[in-house]
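In: model this:
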Amino acid sequence: MHTLTVILGGLLLFAVLALTARLIPWLQHHLLAVFALLWFIASAINMTVGIVHAGYSFMAELPIFFVVFLLPVALAWIVSHKRQRQ
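Out: Predicted structure coming up:
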């Protein structure tokens, strides 16, 4: 359940950045890169919390990190490319 919540948080972050990009012109051109960087940092913090506080090993958290990071970034990439084609 926690993993799903974190992934939804990533999608929410992308939505907020996409709406903000309408107001800030340079962000429109770098939206995917800015989102990926911010989401990588958030995902790494989430992994660190899992290791330090929940007691999971690095190797146990690594596949979860990849899912948590890559799923929102992949969806953001798809949305970004569809928006560019319009």
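In: what sits against the residue nearest the centre of the chain?
Out: The centroid of the chain falls nearest to Trp39 when counting by Cα atoms, centre = their mean (3.6 Å). Applying Cβ atoms under 8 Å, 6 or more residues apart in numbering, we find Trp39 in contact with 10, 13-14, 69, 72-73. Every residue, glycine included, has its C-beta placed from N, CA and C.
In: could you identify the buried members of those?
Out: Using 16 or more other Cβ atoms under 10 Å as the burial test, the contacts of Trp39 include 10, 13-14, 69, 72-73 as buried.
In: now Ala15: which helix or strand?
Out: helix 2-21 (DSSP states H and E).
In: would you mark the buried spots in whichever helix or strand comes after that helix?
Out: Using DSSP H and E, the helix or strand that follows helix 2-21 in sequence is helix 25-52. Neighbour counts over helix 25-52 (16+ other Cβ under 10 Å) mark 27, 31-32, 34-36, 39, 42-43, 46-47, 50-51 as buried.
In: ok, stretch 65-81 next?
Out: 65, 68-70, 72-73, 76, 79-80.
In: would you put the C-alpha positions of that stretch in PDB?
Out: Output of stretch 65-81 as PDB, limited to C-alpha atoms (Å, rounded to 0.1, in the frame of the first residue of the first chain):
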ATOM      1  CA  PHE A  65      13.100   1.900  -5.700                       C
ATOM      2  CA  PHE A  66      13.100   1.100  -9.400                       C
ATOM      3  CA  VAL A  67       9.400   0.600  -9.600                       C
ATOM      4  CA  VAL A  68       8.700   3.700  -7.500                       C
ATOM      5  CA  PHE A  69      11.000   5.800  -9.600                       C
ATOM      6  CA  LEU A  70      10.500   4.400 -13.100                       C
ATOM      7  CA  LEU A  71       6.700   4.000 -13.200                       C
ATOM      8  CA  PRO A  72       5.900   7.800 -12.700                       C
ATOM      9  CA  VAL A  73       8.800   8.800 -15.000                       C
ATOM     10  CA  ALA A  74       7.700   6.500 -17.800                       C
ATOM     11  CA  LEU A  75       4.100   7.800 -17.500                       C
ATOM     12  CA  ALA A  76       5.400  11.400 -17.500                       C
ATOM     13  CA  TRP A  77       7.500  10.600 -20.600                       C
ATOM     14  CA  ILE A  78       4.500   9.300 -22.400                       C
ATOM     15  CA  VAL A  79       2.400  12.300 -21.500                       C
ATOM     16  CA  SER A  80       5.200  14.700 -22.400                       C
ATOM     17  CA  HIS A  81       5.600  13.200 -25.800                       C
END
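In: all good on my end, thank you.
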